[in-house]
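Participant: Sharing a model that was predicted from the sequence below.
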Amino acid sequence: MAKSKKKWSQDVTEHSTEHSDAMDLKEGVFKSDDPKKIARSVKHSAEESDRRKSSPYRAAMSMLTFYIDRAGEQLTKKRRGALEKAKDELRKDFGRQPKD
């Protein structure tokens, strides 16, 4: 019997995690080329969520890291760079030191 359903991780990657059980994200947030915009949006979603189980910082960083990990080799170098910079922006937005 052929599988007709996608893996949940593929669904998450393709739909920018707006179906997350932890928080609601703005549709297409991870498709932006602006790391600051990505960070602000993820931070806002984490702070507004009443379903997250950890701090807003940890929830936001986990969601961003999860997306990067799930997209894997499908990400272009430019897209991965923007998402990695968004992690630094997220650290700044939460008053933490960016990684070198």
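Facilitator: Yep, that arrived. Numbers count the residues shown, from 1 in each chain.
Participant: Next, name the residue at the spatial heart of this protein.
Facilitator: Among the residues of the chain, the smallest C-alpha distance to the mean C-alpha position (Cα atoms, centre = their mean) belongs to residue 64, namely 2.7 Å.
Participant: Need the pLDDT of that residue.
Facilitator: We have a pLDDT of 92 for residue 64.
Participant: what's the answer for the one 3 residues further on, then?
Facilitator: What the model reports for residue 67 is a pLDDT of 90.
Participant: burial measure for the nearest residue to it once chain neighbours are set aside, as a count.
Facilitator: Once flanking residues are discounted, residue 67 sits nearest to residue 30: 5.3 Å by Cβ to Cβ, 6 or more residues apart in numbering. C-betas here are computed from N, CA, C, even on glycine. Taking other Cβ atoms under 10 Å as the neighbour definition, residue 30 ends up with a count of 25.
Participant: Could you check the pLDDT of residue 30?
Facilitator: Each residue has a pLDDT score; the one for residue 30 is 86.
Participant: Quick one: residues contacting the residue nearest to the centre of the chain.
Facilitator: In this structure, residue 64 makes contact with 30, 38, 42, 83, 86-87, 90, judged by Cβ atoms under 8 Å, 6 or more residues apart in numbering.
Participant: most neighbours, which of those?
Facilitator: Using other Cβ under 10 Å as the neighbour definition, the contacts of residue 64 reach their maximum at residue 42, which records 29 neighbours.
Participant: Name the nearest residue to it, ignoring sequence neighbours.
Facilitator: By the measure of Cβ to Cβ, 6+ apart, the closest residue to residue 42 outside its immediate chain neighbours is residue 60, 4.6 Å from it.
Participant: helix, strand or coil for the residue nearest to residue 67?
Facilitator: For residue 30, the assignment made with DSSP: H, G, I helix; E, B strand; the rest coil gives helix.
Participant: State the distance from it to residue 93.
Facilitator: With distances taken as Cβ to Cβ, to the nearest Å, residue 30 is found 16 Å from residue 93.
Participant: Correct me if wrong: residue 90 contacts residue 39.
Facilitator: Yes. Taking Cβ atoms under 8 Å as the definition, residue 90 is a contact partner of residue 39 at 4.2 Å.
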